[in-house]
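> The sequence and its predicted three-dimensional model are supplied below.
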Amino acid sequence: MFQKILIANRGEIALRIIRACQERGISTVAVYSDADRSALHVRYADEAYHIGPPAASESYLRGDKIIDVALKAGADAIHPGYGFLAENAAFAAACRDAGVVFIGPTPEAIAAMGDKVTARETVAKAGVPLIPGTPAGLSDDELLAAAEEIGYPVLVKASAGGGGKGMRMVFKPEDLKSSLAAARREALKAFGDDTVYLEKVVEGARHVEIQVLADMHGNVIHLGERECSIQRRHQKLVEESPSVAVDDDLRARMGAVAVAAAKAVNYVSAGTVEFLLDKDKNFYFLEMNTRLQVEHPVTEMVTGIDIVKEMIAIADGRRLRIRQEDVTMKGWAIEARITAEDPDNNFMPSTGKIVALREPTGPGIRVESGVYVGMEVGLYYDPMIAKLIAYGDNRAEAILRLRRALTEYRIAGVKTSIPFHLGLMDTPRFQWGQFDTRFLETHQPPVSDDIDERRKIAALISAMLLYERGQRAITFAHDGGREDGVSAWRKAALLEGLRRLV
Amino acid sequence: MFQKILIANRGEIALRIIRACQERGISTVAVYSDADRSALHVRYADEAYHIGPPAASESYLRGDKIIDVALKAGADAIHPGYGFLAENAAFAAACRDAGVVFIGPTPEAIAAMGDKVTARETVAKAGVPLIPGTPAGLSDDELLAAAEEIGYPVLVKASAGGGGKGMRMVFKPEDLKSSLAAARREALKAFGDDTVYLEKVVEGARHVEIQVLADMHGNVIHLGERECSIQRRHQKLVEESPSVAVDDDLRARMGAVAVAAAKAVNYVSAGTVEFLLDKDKNFYFLEMNTRLQVEHPVTEMVTGIDIVKEMIAIADGRRLRIRQEDVTMKGWAIEARITAEDPDNNFMPSTGKIVALREPTGPGIRVESGVYVGMEVGLYYDPMIAKLIAYGDNRAEAILRLRRALTEYRIAGVKTSIPFHLGLMDTPRFQWGQFDTRFLETHQPPVSDDIDERRKIAALISAMLLYERGQRAITFAHDGGREDGVSAWRKAALLEGLRRLV
Amino acid sequence: MKYLAQIDGITFEIDIAPDGSMTLDGEPVEADLLQVDPLGLYSLLMNHKSYELVVEEQPRGYRVTVGAQTFDVDVADERQLRMESARANVSAGDGDLPITAPIPGLVVKVLAEEGQAVEVDAPLVILEAMKMENEIRAPRAGVVKHIAIEVGQSVEGNAVLMVLGAERGES
Amino acid sequence: MKYLAQIDGITFEIDIAPDGSMTLDGEPVEADLLQVDPLGLYSLLMNHKSYELVVEEQPRGYRVTVGAQTFDVDVADERQLRMESARANVSAGDGDLPITAPIPGLVVKVLAEEGQAVEVDAPLVILEAMKMENEIRAPRAGVVKHIAIEVGQSVEGNAVLMVLGAERGES
């Protein structure tokens, strides 16, 4: 088994991987940019090395520096997490060349699935159903013509894409040209490649994905599905497992197709095959993510399988301990992504310093977080700062626990997506499981119904504090100021009375 | 269903119950003593009422005041948690008389099981096996004689006892008299009754208990066992479910006996039947706890059943949704009690103000905690301030996760049992599951092997801080002091250099 | 002492008597406030209802987080407010509204020209931050009076991007 | 500057040079220290090894929590220490050891009499706190010179319960 693993990532996912290593008795090496000296992943790891300025292109995307650190620190292996270098075939190859194990699939598998067009061609041969669309590399004029043939709405997608970047849904021919331009701009910036292609929009479709695990000995299993239809601008906000739309038979069929897709590229490690599932239970291959997924915890909670530990064991050459028939799903898990975005203001990124924090705990609650008091939430990295996952015996209990935990979350200094999630949990159609990927375009989650009451509270406390501030000088002079456990408020009021009496 | 529930407790268990209520959409009412104005249960509840001075006898034990608050606040029901009024038959009766539902068994069942001698007689008739012992109410001289007959070692137990209070193990005749006196003193103080009795010590025995659930319609089921042999002075420190000593057959037999014991007193609500289990798999009734147990979370995690929510539903008159055959145990859960006690100093209670706190999170970890920054840990209440529960697919994974979470726990201001638990997790005999209730008397868990390294770290940082303090005046004058994200240490060192150059 | 607190354009009136008794918009309230940790976490019991709040001091007033909602509260005692309002009336402008960057970012596109009339919600600027494009839209209808930025420029949070003039006619 | 830090009776020597370079017991160490939150949480990277520490200032020195272990560190620079040690030698006592209450509590029983010789670990006082009885034992052998408390009395933490004299013979 590995002695020491370098985690080439930051934030909650770096902590997740550090924890898995600690539970296996493996030492951990963190890397950090100038922005992250005080970050939790630096503090939770056994060792930490500085790798450059805040910009990811100069730190977390610098595979060369990271491999240097791995060699210097004596790490046997590198876990890339998600994002950054996780789906970079060249980095996986560079690790191999440097004699450091890349905890993930082979560079060949990453490359095959990384280019969306190659991926579609490869899996189609394995019998995986595809959505009608165009090849990549067409000019704007060719795409305009193709869109007419496919029929609107169409989806513009970046060939090298992922995570919703470079993706646009277009409803009318007159909007296509500007959307193509925007998608190409984003794609160029995010992936260094502005190639795009078109896909038919499957109406009323859910985003349902299958988690797979594959070892080096040809064993490939799936861990059931995740429902990820609650999205905004193609960014997942809420994920759950299982899906209300998937029964045992459909799960078995989708699972078999996902395993076939993985086998088509000789896949090794954990990976996710994403599908669109339409109302008639037809499903179409979207893409395969050749990495650990943000939403992997919901699968872990219903299957009891620790996906990160399995990835480490697989990378070490071990055979899967689990056979397909051993995988059982029990209960229900839902994840809410906590992002530093203002849901009341069009999900605008919110920056600032975390001044107060208390994370929820209690039955059925799991928190994966990179947040700490004093943290500067800036614009260098992804706005997702934590994940809140609730488990229950059934979907209703999971929703109620997630709701309860959201009300317990205390985070101040930045605006977060928590109010959005609270509203969503109170939305009947979400509670009934009736939604598709366009749900959020048509359904505005309700605003908390006690906002009036809360405004009053905020007004009252502000007046009390201002009053108290006026009294504080006297209070200080009198007895050295506020004592713990004694309401300074009451004292100030009392003193005010006293002063008038004097 | 109830609209509003008053929680007649404090600390982690009050929060546990508040969370269950919130998840069922029930409003919550907290009560608090002067010591607890800032406590989490006050802050997490929907309403809070002051009930008196810090001493429990003037606040949390004042059933009259608590029922008054329930009536004033319009609460339908009272959940007593554990300790305080949880096993007080008179309080349960007073609730009934006041028209407020007591969430627990009937006063009659509490009384029948509350007196240990009555309890033994009652369950014996139902065919429950007992440990040889004396009746209660004997004089010291009679007990001395009886002890000779039973054979040493013997256990002195308070008739009204529970939680290890008024309990003493005696190995030699010459020690019996002083132990009787000490036990009577403790019992008198704790329960207002100094009646004691003797029991034979079953050598090499484990403490294994069965969780039962009983509704008002005669349905009684069990949720499997908990292993609670890791005790110090009869105080449980670590609990797990399942037990390595219990197989399916034994579980079914112990479960059936526990159900019979519950039925013998027409039991309703959640309760726990405690047994001693000897090396030959014989088991003997110890007592029945007619309340929610501290260690209930380990059962919840392996069965998926929320025991507190079931208690509420049962008190509301509902039928159990779960049949015995629906109860399945999956995985393994271990709980470590985090107490404000100094394990390096004979578990002496440690008091003080919590100055720093970060609780562990991540996969498989559940924290039930009443701790917060600024909390004064005093001597008024139980030293248990939190519980850390780890779940894993199997026992090894649960231990490794618990260990990992213990290393993540940051709590400063009081000494805690965390170092003890870390040592225990590193003890091979604990890892192998080879222990009985006297394990801790003979096995000293190892002290962390990196204490030398940690001393060095503590020495180094102290010198650095002292050095920095000397430089601070200059630093302040120069640029306004420490900036976040910049190591003040480096700055101080730099300035020192500058000053010498000038 | 009488206090006026403004939140989201709504004004609340709080009166605090010398004995500590209070009214909120004329209704008597019983309130006990306690700071529970050094980081600005407060526990408020108002008529026995329990609230946990995080308070950050602002240059003027407080930022108060109640549950998951955050409010910027502009609070002053009555006298202060009257004086300020008098001052404000003197310098009251002609309806010009500065459009500011809600976050720091890179200007990717400017979607309006000086002199152009825009409807409410019309996209004005595309700002890139956290690798995502964010549209800045017109908070009301008006005429673009001045554009302060250009494509490719990095802007700080709260930087003025453009100024929106009165709805009809150039000023 | 040279510093001496004492923990559990063990002395460490730390030397900090004007350029910030350091040695610990003569070994060079590379250390970067950062306070990460206002509550006294520090991150230390020592030779790339990462430690998280909680530091509480004490009247003299620091209480440092490393992982789950807490150390009371008595630290001073060399000069200071030499001066203090000189003073201490002058007032050095006759071996009397005060037995103090480690916690506040109620004296339930006193198990020794004045003049009595006790062995190491002999129980001296039973103190009730948190509803449990706690035995206070002799940290070394000696003769009970003075008993400062009686049964039924409440004592504060650190209150002197009795004084243990030199091992043999009354003083």
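Arrived safely, thanks for sending.
> what about the closest residue to residue C:69 other than its chain neighbours, neighbour count?
Nearest in space to residue C:69, with sequence neighbours left out and distances taken as Cβ to Cβ, 6 or more residues apart in numbering or on different chains, is residue A:454 at 5.4 Å. Heads up, the C-betas are built off the backbone N, CA and C, glycines and all. Residue A:454 has 21 neighbours, counted by other Cβ atoms under 10 Å in any protein chain shown.
> Quick check: which element contains residue A:454?
Taking DSSP states H and E as the criterion, residue A:454 maps to helix A:451-479.
> average pLDDT for that helix?
Across helix A:451-479, the average pLDDT comes to 76.
> Next: stretch A:26-39.
97.
> now stretch A:164-174
86.
> got the buried residues for that stretch?
A:164, A:165, A:166, A:167, A:168, A:169, A:170 (16 or more other Cβ atoms under 10 Å in any protein chain shown).
> Tell me which two of those sit farthest apart.
Distance extremes for the buried residues of stretch A:164-174: the farthest pair is A:165 and A:170 at 16.4 Å, using Cβ to Cβ.
> Now do the same contact list for the most centrally placed residue in chain A.
Taking Cα atoms, centre = their mean, the centroid of chain A lies closest to residue A:294, which sits 3.6 Å from it. By Cβ atoms under 8 Å, 6 or more residues apart in numbering or on different chains, the residues touching residue A:294 are A:13, A:82, A:236, A:239, A:337, A:384, A:387.
> Which pLDDT does the model give residue 161?
Here I'm looking at chain A. Each residue has a pLDDT score; the one for residue A:161 is 67.
> could you do chain C instead?
At residue C:161, pLDDT is 90.
> helix/strand/coil for it?
The local conformation at residue C:161, judged by DSSP: H, G, I helix; E, B strand; the rest coil, is strand.
> thinking it is in contact with residue C:125, fair?
Yes: contact status for residue C:161 versus residue C:125: in contact at 5.2 Å, counting by Cβ atoms under 8 Å.
> overlap in contacts of these two?
Shared contacts of residue C:161 and residue C:125, counting by Cβ under 8 Å, 6+ apart, come down to C:99, C:107, C:136, C:149.
> Quick check: phi and psi on residue A:79?
Dihedral angles of residue A:79 (phi, psi; degrees, to the nearest 10) stand at phi -100, psi 120.
> Can you get me a residue count around it?
When neighbours are counted by other Cβ under 10 Å, residue A:79 registers 29.
> For it, list each beta-bridge partner.
As for beta bridges, residue A:79 partners with residue A:7 under DSSP bridges.
> who are the neighbours in contact with it?
By Cβ under 8 Å, 6+ apart, the neighbours of residue A:79 are A:5, A:6, A:7, A:8, A:9, A:17, A:103, A:104, A:308, A:311, A:312.
> and if we set it to 6 Å?
A:5, A:7, A:17, A:103 (Cβ atoms under 6 Å, 6 or more residues apart in numbering or on different chains).
> Then residue C:161?
C:99, C:101, C:125, C:148, C:149.
> out of the contacts of residue A:79, who's nearest chain C?
Checking those against chain C with Cβ to the nearest Cβ, the nearest one is residue A:7 at 21.4 Å.
> you'd agree residue A:146 is in a strand?
No: secondary structure of residue A:146 (three-state DSSP): helix, not part of a strand.
> And the pLDDT for it?
For residue A:146, the predicted pLDDT is 93.
> In JSON lines, list the shared contacts of residue C:161 and residue C:125 along with distance to residue B:266 and neighbour count.
Below are these laid out as JSON lines (distance: Cβ to Cβ, whole Å; neighbours: other Cβ atoms under 10 Å in any protein chain shown):
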{"residue": "C:99", "distance to residue B:266": "73", "neighbour count": "23"}
{"residue": "C:107", "distance to residue B:266": "76", "neighbour count": "20"}
{"residue": "C:136", "distance to residue B:266": "69", "neighbour count": "23"}
{"residue": "C:149", "distance to residue B:266": "78", "neighbour count": "18"}
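> Pull the most distant pair out of those.
C:99 and C:107 (12.2 Å).
> Report the distance from stretch A:45-53 to the chain centre.
Mean-position distance between stretch A:45-53 and its chain equals 23 Å (Cα atoms, centre = their mean, to the nearest Å).
> Skipping adjacent residues, who's closest to the residue most central in space within chain C in space?
The centre of chain C sits closest to residue C:72, judged by Cα atoms, centre = their mean, with a distance of 6.3 Å. Nearest residue to residue C:72, sequence neighbours excluded (Cβ to Cβ, 6+ apart): residue C:63, at 5.4 Å.
> Give me the sheet partners of the one helix or strand the one you found maps to and which way each runs.
When elements are assigned from DSSP H and E, residue C:63 belongs to strand C:62-66. Applying DSSP bridges, strand C:62-66 is found paired with strand C:49-57 (antiparallel), strand C:69-77 (antiparallel).
> Contacts for that strand next, please.
With Cβ under 6 Å, 6+ apart as the contact definition, strand C:62-66 has outside contacts at A:412, A:454, A:457-458, A:461-462, C:53-56, C:71-73.
> That one to helix A:451-479, inter-axis angle?
On the basis of axes from the mean of the first three to the mean of the last three Cα atoms, to 10 degrees, strand C:62-66 is oriented at 120 degrees to helix A:451-479.
> buried stuff in strand C:62-66?
C:62, C:63, C:64, C:65, C:66.
> Quick check: beta-bridge partners of residue A:235?
Here residue A:235, judged by DSSP bridges, has bridge partners residue A:232.
> Looks like it contacts residue A:207 (just checking).
No: the criterion here is Cβ atoms under 6 Å, and residue A:235 misses it with residue A:207 at 11.4 Å.
> Could I get the contacts of residue A:294 in TSV, plus columns for neighbour count and distance to chain C?
Output for those, formatted as TSV (neighbours: other Cβ atoms under 10 Å in any protein chain shown; distance: Cβ to the nearest Cβ, whole Å):
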residue	neighbour count	distance to chain C
A:13	28	16
A:82	19	14
A:236	22	14
A:239	28	20
A:337	24	14
A:384	22	10
A:387	24	16
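> now, among those residues, which is nearest to chain D?
residue A:13 (17.8 Å).
> Just the contacts of residue C:161: which are in strands?
With DSSP state E as the criterion, strands contain C:99, C:125 from among the contacts of residue C:161.
> Using JSON lines, please lay out the contacts of residue C:161 together with pLDDT.
JSON lines is the format used below for these (pLDDT from 0 to 100):
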{"residue": "C:99", "pLDDT": "86"}
{"residue": "C:101", "pLDDT": "82"}
{"residue": "C:125", "pLDDT": "89"}
{"residue": "C:148", "pLDDT": "89"}
{"residue": "C:149", "pLDDT": "89"}
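> Got phi/psi on the residue of chain C positioned farthest from its centre?
Taking Cα atoms, centre = their mean, the residue of chain C most remote from its mean C-alpha position is residue C:19, at 32.9 Å. Backbone torsions for residue C:19, taken as degrees, to the nearest 10, come to phi -90, psi 10.
> do residue A:88 as well
According to degrees, to the nearest 10, residue A:88 has phi -100, psi 100.
> residues from chain A in reach of chain D?
Residues of chain A lying close to chain D (Cβ under 6 Å from any Cβ of the partner chain) are A:38, A:43, A:45, A:47, A:48, A:373, A:374.
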